[in-house]
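[1] sequence first, predicted coordinates after that:
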Amino acid sequence: MAALDTITHAAERQAVNLMLNGLVKHLGKTDSRTATYVRIANLAERFIGNEETTAAFERVRSAVQDPENRWMKVINRIVDETDPNITRTILLNLGFEAFLNGTKTIRANREKYGCNIPWLILFDPTDACNMHCAGCWSGTYGHKSSLSFEDMDKIITQGKELGVYLYMLTGGEPLVCKKDILRLAEKHHDTEIAIYTNSTLIDEEFCREVVRLGNLTFMLSIEGTAQTNDARRGEGHYDAVIRAMELFRKYGILFGTSICYTRQNIETVTSEEFIRFIADQGARFGFFFHYMPVGNNAVPALMPTVEQRRRMIDRIRYLRSDACDIGFFPMDFQNDGEFVGGCIAGGRNYFHINAHGDAEPCVFIHYSDSNIHDNSILEMLQSPLFMAYHEGQPFNRNHLRPCPMLENPELLRKIVKATGAHGTNAESEESVEHLTAKCDNYAAEWAPVAAEVWASQTHKQPPYENYTKEKREHPELAAFEHIPE
């Protein structure tokens, strides 16, 4: 049966690939794009459509046929700017493999194995980094650990068996392992690999390889102006990012930004002037990350104030609204919880493997009870630590308080104690009591504000949330009751 499924999948991929070759040619012709977009929407509905998604697909078809739709203008701009091989490969790998084929496989495996199966896996090729940004744990690790090519190959090979076709690389600086990453992208040509990078190791030779392969995208770290950026990241970093953006524009490589907002830079990195600037440089999307006080060298004073976070919610929603004309789509990892059903860690939608091979529920949660050198991906997802996440999610029904560390620190203390997970911070191990103590006051101050904001908004329950059956049927149950003492 497995062999037959493999043959069927290969045949489907080839058929979709042939269709996409034709579609991409038509995407280059402005007058035929609308029909092409409708065909793509119809293809998606054929694979994953059901009664619950009919209305959603109708809205998509309506949007792609509206020449004034803001986001269609952004998509058209991406098509115009991106190399055709990259466009086709993204549609095939992120569209067909991850979104269509992968989603069906993942949902089936969640039922089969009774645990979280992620939509993406984040892993660190290396701890090594050529920078030492203030408040970052990675820059202090040195060159202590790296995943071998065989380790990374194992992660992706086993991930694909579970239905995972999207991978993100962080670190450290992933491009310290540039040759292994290119080799990995070539071997696993059916996956989409997104790289968080400080930009300093990007050159013309590398860009030519990226275009040839087609399945690599990038999130560039930048934090405002040259002054605000280099104040935390070091002199000369801002210029390196601008140079990388120039190269990516030259070669038609799709990229976005990765921005950590802190108490010191939050106004700058969310200003209309800055967002318009990075859009003009070619960035079409961006992830905003709330500063987390992780590690013994963390700087809690960099955490945004409660009022800054309240304004951040309004700011991101404005930037995504029709009132804003900037061709850039921002996503806020901490404040967009309602769109993904709360905390996505622990394999619910993603998890993290560090450079030592430890499986961590989240890139910000440095505790583990399994390792890629000793366990399969499935065994990691079925470990006590990950099952505590599976049973506990959502950790809060107010999705403006999604995290078991930042907004619900008492939960992370309970999880780590109950599962016997060990610290994985490579610089100096941090106890869960030390970590969560830095969040207690913040959580207490944010809770009433989050309740006020949440109550003022209108919320729609997603048709698919990936909670346990008990949580789906009894949403009033608290996360505390599902985490053993």
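    Thanks, I have the structure now. Numbering: from 1, shown residues only.

[2] chain center to stretch 224-239, what's the gap?
    Centroid displacement of stretch 224-239 relative to its chain, using C-alpha atoms, centre = their mean, to the nearest Å, is 24 Å.

[3] oh, I was asking about stretch 365-376
    20 Å.

[4] now it: buried residues?
    Residues I365, H366, Y367, S368, D369, S370, N371, I372, N375 are the ones in stretch 365-376 that count as buried (16 or more other C-beta atoms under 10 Å). Bear in mind the C-beta positions are built from the backbone N, C-alpha and C, glycine included.

[5] closest to S456 out of the residues you listed?
    Set against S456, the nearest of the buried residues of stretch 365-376 by C-beta to C-beta is I365 (29.9 Å).

[6] I figured that closest one hits C343, correct?
    No - here I365 does not reach C343: they are 10.1 Å apart, not a contact under C-beta atoms under 8 Å.

[7] and for those two, which residues touch both?
    Common neighbours of I365 and C343, using C-beta atoms under 8 Å, 6 or more residues apart in numbering, are P404.

[8] got a list of what the residue nearest in space to the middle of the chain touches?
    Centroid check for the chain by C-alpha atoms, centre = their mean gives M168 as the closest residue, at 7.1 Å. Each residue near M168 by C-beta under 8 Å, 6+ apart is listed here: L120, I121, L122, F123, I193, A194, I195, Y196, Y350.

[9] so what's it bridging to?
    M168 has the following beta-bridge partners by DSSP bridges: L122, A194.

[10] can you read off the pLDDT for it?
    You'll see M168 listed with a pLDDT of 98.

[11] try H390
    For H390, the model assigns a pLDDT of 97.

[12] return the subset of the buried residues of stretch 365-376 lying in strands.
    Among the buried residues of stretch 365-376, the ones falling in strands (DSSP state E) are Y367, S368.

[13] got TSV for the buried residues of stretch 365-376, with pLDDT and distance to R309 too?
    Formatted as TSV, the buried residues of stretch 365-376 follow (pLDDT from 0 to 100; distance: C-beta to C-beta, whole Å):
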residue	pLDDT	distance to R309
I365	95	20
H366	95	23
Y367	97	25
S368	98	29
D369	98	32
S370	98	33
N371	98	35
I372	98	35
N375	98	37
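
[14] any idea which of the buried residues of stretch 365-376 is the one closest to V24?
    For the buried residues of stretch 365-376, the nearest to V24 is I372 (36.0 Å; C-beta to C-beta).

[15] please name the residues that touch the closest residue to the closest one other than its chain neighbours.
    Leaving aside its sequence neighbours, I372 sits nearest to G357 (C-beta to C-beta, 6 or more residues apart in numbering; 4.2 Å). Neighbour list for G357: L147, D151, N371, I372, H373 [criterion: C-beta under 8 Å, 6+ apart].

[16] what about 6 Å?
    Going by C-beta atoms under 6 Å, 6 or more residues apart in numbering, G357 touches N371, I372, H373.

[17] swap in V24?
    Applying C-beta under 6 Å, 6+ apart, we find V24 in contact with P84, T87, R88.

[18] quick one: the first one from P463, how far?
    Note on P84: its distance to P463, by C-beta to C-beta, to the nearest Å, is 35 Å.

[19] now swap in the last one and tell me
    When C-beta to C-beta is applied, the distance between R88 and P463 equals 30 Å.

[20] now swap in the second one and tell me
    Applying C-beta to C-beta, the value for T87 to P463 is 29 Å.

[21] so for those two, which sits in the more crowded spot?
    Between T87 and P463, counted using other C-beta atoms under 10 Å, T87 has the larger neighbour count: 21 against 10.

[22] roughly how far apart are the more buried one and V79?
    Separation of T87 from V79 (C-beta to C-beta): 6 Å.

[23] quick one: the helices in the stretch 301-450 of the chain, in order.
    Using DSSP state H, counting those that start in this stretch, the helices found in the stretch 301-450 of the chain span residues 306-319, 377-381, 384-392, 409-419, 432-456.

[24] got the angle between the third one and helix 409-419?
    Regarding helix 384-392 and helix 409-419, their directions subtend 130 degrees when assessed with axes from the mean of the first three to the mean of the last three C-alpha atoms, to 10 degrees.

[25] mind giving me the packing neighbours of helix 384-392?
    Using 3 or more C-beta pairs under 6 Å, 6 or more residues apart in numbering; DSSP states H and E, the elements in contact with helix 384-392 are helix 409-419.

[26] can you rerun that using 10 Å?
    Counting contacts by 3 or more C-beta pairs under 10 Å, 6 or more residues apart in numbering; DSSP states H and E, helix 384-392 packs against strand 350-353, strand 359-360, strand 367-368, helix 377-381, helix 409-419, helix 469-473.

[27] so which elements touch the fifth one?
    Counting contacts by 3+ C-beta pairs under 10 Å, 6+ apart, the secondary-structure elements packed against helix 409-419 are strand 367-368, helix 384-392, helix 432-456.

[28] what residues sit buried inside it?
    Within helix 409-419, the residues that qualify as buried are P409, L411, L412, R413, K414, I415, V416, T419, counting by 16+ other C-beta under 10 Å.

[29] of the residues you listed, closest to L100?
    Nearest to L100 among these, counting by C-beta to C-beta, is I415 at 33.7 Å.

[30] could you list the low-pLDDT ranges of the chain?
    In the predicted model, the chain carries pLDDT under 70 at residues 1-7, 23, 26-31, 130-144, 230, 232, 478-485.

[31] could you pull out the strands for it?
    120-123, 166-169, 192-197, 216-221, 255-261, 285-290, 329-332, 350-353, 359-360, 367-368, 422-423.

[32] now these as a markdown table including distance to R110?
    Formatted as a markdown table, the strands of the chain follow (distance: least, C-beta to C-beta, whole Å):
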| stretch | distance to R110 |
| --- | --- |
| strand 120-123 | 15 |
| strand 166-169 | 16 |
| strand 192-197 | 21 |
| strand 216-221 | 26 |
| strand 255-261 | 28 |
| strand 285-290 | 25 |
| strand 329-332 | 24 |
| strand 350-353 | 14 |
| strand 359-360 | 17 |
| strand 367-368 | 22 |
| strand 422-423 | 27 |
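
[33] mean neighbour count, those strands: which tops it?
    Across those, averaging neighbours per residue (mean count of other C-beta atoms under 10 Å) puts strand 359-360 on top, at a mean of 26.
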